[in-house]
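Colleague: Got a sequence here, can you model it:
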Amino acid sequence: SLRAVRFLPALASSAALVVAALVAREFGGRGFALVLTAVSMLVAPIYLSDGSLLTTNCLEPLLWMGSVYCAILAVKRNEPRYWLAFGIIAGVGLEEKYSIAVLGLGIGVGLLLTEQRRALKGRWMWLGSVAALLIFLPNLVWNAQNHWPFVQLMSNIKASGRDVQLGLGAFFVQQVLLIHPLNGPIWLAGVVALFFSKQLRPFRMLGWCYLAAYLAFEALGGKNYYLSPIYPMLLAAGAVAIESAIERSPHSWSKPAILVILVAAGVWLAPIVVPALPADRMLAYLNGLPFDVPRTENSHLSAALPQHYADQLGWPEMVAVVGQAWRSLSPEERPGCGVFAQNYGQAGAVDFFGRRYGLPPALSGHQTYYLWG
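Modeller: This is a model prediction of the structure:
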């Protein structure tokens, strides 16, 4: 049901919000820092999107922050066994989406460049690495047995010029938009605090982790949202830094003011990523925004609606037209007729809605449909 499809990502995003608040607590944050972390995540467009769409992206912030939380506990409590938990969560994350490997790379860089490099000498770090590899091994073996389809997919995407290529400046601007412009000062304060705050000095490796991951995705030509799962830890660090700054000033009224402004701004941008408006009102809303909604694929640059919104419309109507074509065939023609779809979205719609019209399973060469013949 549609309710179930919405519920599962909402649950995952809610859990990620809780873990982000726990990260803020481990950073030394108190009540306001925890609430600010939660609210800043709640209004971030990318996490609202993750929380309403059942895709591989909806679990990423939870898995990335679960790994980061274990790394923080290993450092703060001087308990290296948490690196084993880090590896287990990262292994599950690799089965879910390969991009968490960039987080692992970033953590490795952060450890090498800080005093926490001593963790690399302990057995628990390497046991965690082995655990991650063992969990990921079936996926790796499958790729090897099937001629590395993921590598082929990435190569084909690059060769076709499908994705919008972003320069260093454009990539940064879109990070600000995805996390919300008013959240920008919070996560940027978090980056600064991780490098220069005495309170967060033990966690400086996370600052290096962010920079390494940022540069890796930029160098690889990654889409604008690939880095988004890492920002909850920066929002948490920034919230702790802001809480400390406010408590040193006489302006206690600024705490509720910050929260009210964030919530209001979050409501303002929510329709971009949450399907709350019908198509005609959505078009009017988009035309009234002071910026263009980022597009990740070149074929969508001239589209009136963002892809994530448009892709939630029109599937039953499309399959109904296919059903009309099917009914126009003679009984003799139908056994030898197939329904060919250009992509997995079309094929999935035919498979899901086509039963009522008696349609055969869809045929497609796109992504996993290729393997299904």
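
Colleague: Does residue 111 lie in a helix or a strand, and which?
Modeller: In this structure, residue 111 is located in helix 100-112 according to DSSP states H and E.

Colleague: Packing partners of that helix?
Modeller: helix 60-76, helix 82-96, helix 204-219 (3 or more Cβ pairs under 8 Å, 6 or more residues apart in numbering; DSSP states H and E). Every residue, glycine included, has its C-beta placed from N, CA and C.

Colleague: And the next helix or strand past it?
Modeller: Past helix 100-112, the next helix or strand by DSSP H and E is helix 123-145.

Colleague: Determine how far that following helix lies from the middle of the whole chain.
Modeller: Remark: helix 123-145 is offset 22 Å from the chain centroid, using Cα atoms, centre = their mean, to the nearest Å.

Colleague: which residues are in contact with that helix?
Modeller: For helix 123-145, the surrounding residues in contact (Cβ atoms under 8 Å, 6 or more residues apart in numbering) are 74, 80-88, 90-92, 94-95, 104, 119, 149-151.

Colleague: do stretch 248-267 as well
Modeller: Under Cβ under 8 Å, 6+ apart, the answer for stretch 248-267 is 32, 35-36, 39-40, 42-44, 48, 180-183, 242, 246.

Colleague: those strands in this protein, which residues are they?
Modeller: Using DSSP state E, the strands of the chain run over 339-340, 362-363.

Colleague: who wins for proximity to residue 310 among these?
Modeller: strand 362-363 (20.1 Å; Cβ to Cβ).

Colleague: about what we covered before: out of the strands of the chain, deepest packed?
Modeller: Highest mean neighbour count among the strands of the chain (mean count of other Cβ atoms under 10 Å): strand 362-363, with a mean of 18.

Colleague: number of nearby residues for the closest residue to residue 227 other than its chain neighbours?
Modeller: Sequence neighbours aside, residue 217 is the residue nearest to residue 227 in space, at 5.1 Å (criterion: Cβ to Cβ, 6 or more residues apart in numbering). Residue 217 has 21 neighbours, counted by other Cβ atoms under 10 Å.

Colleague: Among the contacts of helix 123-145, name the buried ones.
Modeller: Buried by 16 or more other Cβ atoms under 10 Å: 74, 80-88, 90-92, 94-95, 104, 119, out of the contacts of helix 123-145.

Colleague: wait, what's in contact with the residue nearest to residue 227?
Modeller: Contacts of residue 217 (Cβ under 8 Å, 6+ apart): 102, 171, 226, 227.

Colleague: Low-confidence stretches in the stretch 251-373 of the chain?
Modeller: 251 (pLDDT under 70).

Colleague: do the stretch 1-150 of the chain as well
Modeller: Checking the stretch 1-150 of the chain against pLDDT under 70 turns up nothing.

Colleague: Domains in the protein, by residue range?
Modeller: Annotated domains of the chain cover 2-272, 279-311, 315-371 [the TED database].

Colleague: Going by neighbour count, which residues of the second one are buried?
Modeller: The one in question is domain 279-311. Neighbour counts over domain 279-311 (16+ other Cβ under 10 Å) mark 282, 286, 293, 294, 295, 296, 300, 305, 306, 308, 309 as buried.

Colleague: what two of the residues you listed are the furthest from one another?
Modeller: 282 and 296 (18.4 Å).

Colleague: Quickly note the distance from the residue positioned nearest the centre of the chain to residue 50.
Modeller: Centrality entry for the chain: nearest residue to the mean C-alpha point is residue 57, 4.3 Å, by Cα atoms, centre = their mean. Distance check for residue 57 against residue 50: by Cβ to Cβ, to the nearest Å, it reads 5 Å.

Colleague: and for the two, which residues touch both?
Modeller: residue 228.

Colleague: So which residues of the stretch 201-350 of the chain form helices?
Modeller: The residue ranges that make up the helices of the stretch 201-350 of the chain, judged by DSSP state H, counting those that start in this stretch, are 204-219, 231-247, 254-269, 279-287, 307-310, 315-327, 344-353.

Colleague: With distance to residue 19 as added columns, please give those helices in a markdown table.
Modeller: Shown next, in a markdown table, are the helices of the stretch 201-350 of the chain (distance: least, Cβ to Cβ, whole Å):
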| stretch | distance to residue 19 |
| --- | --- |
| helix 204-219 | 14 |
| helix 231-247 | 7 |
| helix 254-269 | 20 |
| helix 279-287 | 32 |
| helix 307-310 | 24 |
| helix 315-327 | 34 |
| helix 344-353 | 31 |
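
Colleague: Return the most buried member of the ones you listed.
Modeller: helix 231-247 (a mean of 25).

Colleague: For that one, name the packing helices and strands.
Modeller: Taking 3+ Cβ pairs under 8 Å, 6+ apart as the contact cut, helix 231-247 packs with helix 2-26, helix 31-43, helix 60-76, helix 168-179, helix 184-196, helix 204-219, helix 254-269.

Colleague: Out of those helices, flag the one nearest residue 326.
Modeller: Of those, nearest to residue 326 by Cβ to Cβ is helix 2-26, at 25.2 Å.

Colleague: That closest one vs helix 31-43, what angle?
Modeller: Angle of helix 2-26 versus helix 31-43, following axes from the mean of the first three to the mean of the last three Cα atoms, to 10 degrees, is 150 degrees.

Colleague: In helix 2-26, which residues are buried?
Modeller: 9-10, 12-14, 16-17, 19-26.
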